[in-house]
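Peer 1: one predicted model, sequence on top.
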Amino acid sequence: MKEPRIRLLLAFDTETKPAEQLTDGLASQVINFEISRSGQTATELNFEVDLFALLVDARSGISQQMVEIWQEYAERQFPRLILVQGLEFAENDFDDIVLIGNRILEQFATPFLVLHDDLGQPTGLISLEDNLVHDYSGAEVKRYSADSELVDLIKDFQDEYLQLYSDLGEDGFAQGIFAIAIPIGIHKRFGGIELNSILEALAKR
């Protein structure tokens, strides 16, 4: 079997347990880095990586240590992701964490927004590129076009997302010019397939 080309550094707080789909089945070689446990920074440990991902739990948010390690990789213009898990258990939703990240880290592109059921639980995603719903409410993921009401609801987010790509270019993420935010489900396994599509595209460059 061919070894994954992308080496992904996954940084997270010691109190955070990565979702199962981040430890099994990613189209990359994952190197875990627990932020608070080591006195050394990730760059001092000389990890040879192609992509930096910061895992944030929606219940605990973004710590100062997370800000510092993010800045290390932003300054070196590594491709960067923020992965947000724990949405099923938190008062903060994905948009809340992205807004915080926009303020204290940098401006994020959000290719996907989270969709919720009638009880407010996250059950899927909608792609801002093609208006496809990725429905994880059942045993298997289903994809279908969003209805006109949902398309209207996300229009402002979609316009902002498309404008960012227009301004900074399609290669902006791979070149480390801007970062991407992806929601990761624990009960429903949304985010893993979508993350893999980004990893696979990056590996082809």
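Peer 2: Done, it's in.
Peer 1: number of nearby residues for residue 179?
Peer 2: Using other Cβ atoms under 10 Å, residue 179 has 24 other residues around it. Glycine gets a C-beta too; all of them are placed from N, C-alpha and C.
Peer 1: for it, name its beta-bridge partners.
Peer 2: residue 108 (DSSP bridges).
Peer 1: how near is the spatially most central residue of the chain to residue 149?
Peer 2: By Cα atoms, centre = their mean, the chain has its centre lying nearest to residue 182, at 2.5 Å. Residue 182 sits 25 Å away from residue 149, going by Cβ to Cβ, to the nearest Å.
Peer 1: contact partners for the residue nearest to the centre of the chain?
Peer 2: Going by Cβ atoms under 8 Å, 6 or more residues apart in numbering, residue 182 touches 81, 82, 83, 84, 111, 112, 191, 194, 195, 198.
Peer 1: check which helix or strand it maps to.
Peer 2: Element membership of residue 182, judged by DSSP states H and E, is strand 179-183.
Peer 1: gap between that strand and the chain center?
Peer 2: Averaging C-alpha positions (Cα atoms, centre = their mean, to the nearest Å) puts strand 179-183 3 Å from its chain's average.
Peer 1: that one - what's its average pLDDT?
Peer 2: Strand 179-183 carries an average pLDDT of 97.
Peer 1: then stretch 68-82?
Peer 2: pLDDT averaged over stretch 68-82 gives 94.
Peer 1: that one: end-to-end distance?
Peer 2: End-to-end distance for stretch 68-82: 14 Å, by Cα to Cα, to the nearest Å.
Peer 1: residues contacting that stretch, please?
Peer 2: So stretch 68-82 is contacted by 11, 35, 41-43, 49-54, 56, 97-98, 101, 105-106, 108, 173-177, 179-182, 195, 198, 202 (Cβ under 8 Å, 6+ apart).
Peer 1: ok, of the contacts of residue 182, which one's closest to residue 60?
Peer 2: residue 84 (11.2 Å; Cβ to Cβ).
Peer 1: give the closest residue to that closest one in space, chain neighbours not counted.
Peer 2: residue 97 (4.8 Å; Cβ to Cβ, 6 or more residues apart in numbering).
Peer 1: what helix or strand does that neighbour sit in?
Peer 2: With DSSP H and E as the criterion, residue 97 is inside helix 94-104.
Peer 1: show me the shaky parts of this protein.
Peer 2: By pLDDT under 70, the low-scoring segments of the chain are 1-4, 37-46.
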